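> Prediction below, plus the sequence it came from.
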Amino acid sequence: MSRINLDQANTCIAATFAKGAELGLKPLSAAVVDAGGHMIAFQRQDGASFGRMQIAQGKAAGALALGVSSRKVADMAVERPWFVGALAASASHAVIPAAGGVIVVDQSGAVIGAVGVTGDTSDNDEIAALAGILAAGLRPQD
């Protein structure tokens, strides 16, 4: 597999929302992007605030920009705030340094895209993203 298709993206989002409902999370928003950070699919649950698309895509694209989960990008922001700030100011896509952005890889480990989730705590966003990825038959980066 060299890319995430629309059916997989939609399945991922539906499963992300199902995990959110199972856990009783606040309204979530989820973005699935290709390896270049470009949107494949996005959905926002009823009651989610209007800025969630940019946040979800920024978590996913930010993870791709640095090749690590957005949780690790958040750690970098603490360790090297000027670096992450400069990247965020100059990147072609938003960079949101908070957990909830997970890189997706193919069977060989090559990056094929990412999922970004926002709406609850960052830890819960990441749990929901991982559930969505796995439900769509995709593989998160280790």
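Yep, that arrived.
> For stretch 101-117, buried residues please.
For stretch 101-117, a neighbour-count test (16 or more other CB atoms under 10 Å) marks 101, 102, 103, 104, 105, 111, 112, 113, 114, 115, 116, 117 as buried. The way it works is simple: take the backbone N, C-alpha and C, and place the C-beta from them, glycine included.
> Which residue ranges of the protein form strands?
Per DSSP state E, the chain carries strands over the ranges 29-34, 39-44, 101-105, 111-118, 139-140.
> Columns distance to residue 20 on top of those strands, output as CSV?
Output for the strands of the chain, formatted as CSV (distance: least, CB to CB, whole Å):
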stretch, distance to residue 20
strand 29-34, 9
strand 39-44, 12
strand 101-105, 15
strand 111-118, 8
strand 139-140, 17
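> could those be laid out in CSV, adding mean pLDDT?
What follows is these, written out as CSV (pLDDT from 0 to 100):
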stretch, mean pLDDT
strand 29-34, 98
strand 39-44, 98
strand 101-105, 98
strand 111-118, 98
strand 139-140, 98
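> At the geometric centre of this protein, which residue sits there?
The chain has residue 116 as the residue nearest its centroid, 1.6 Å off, counting by CA atoms, centre = their mean.
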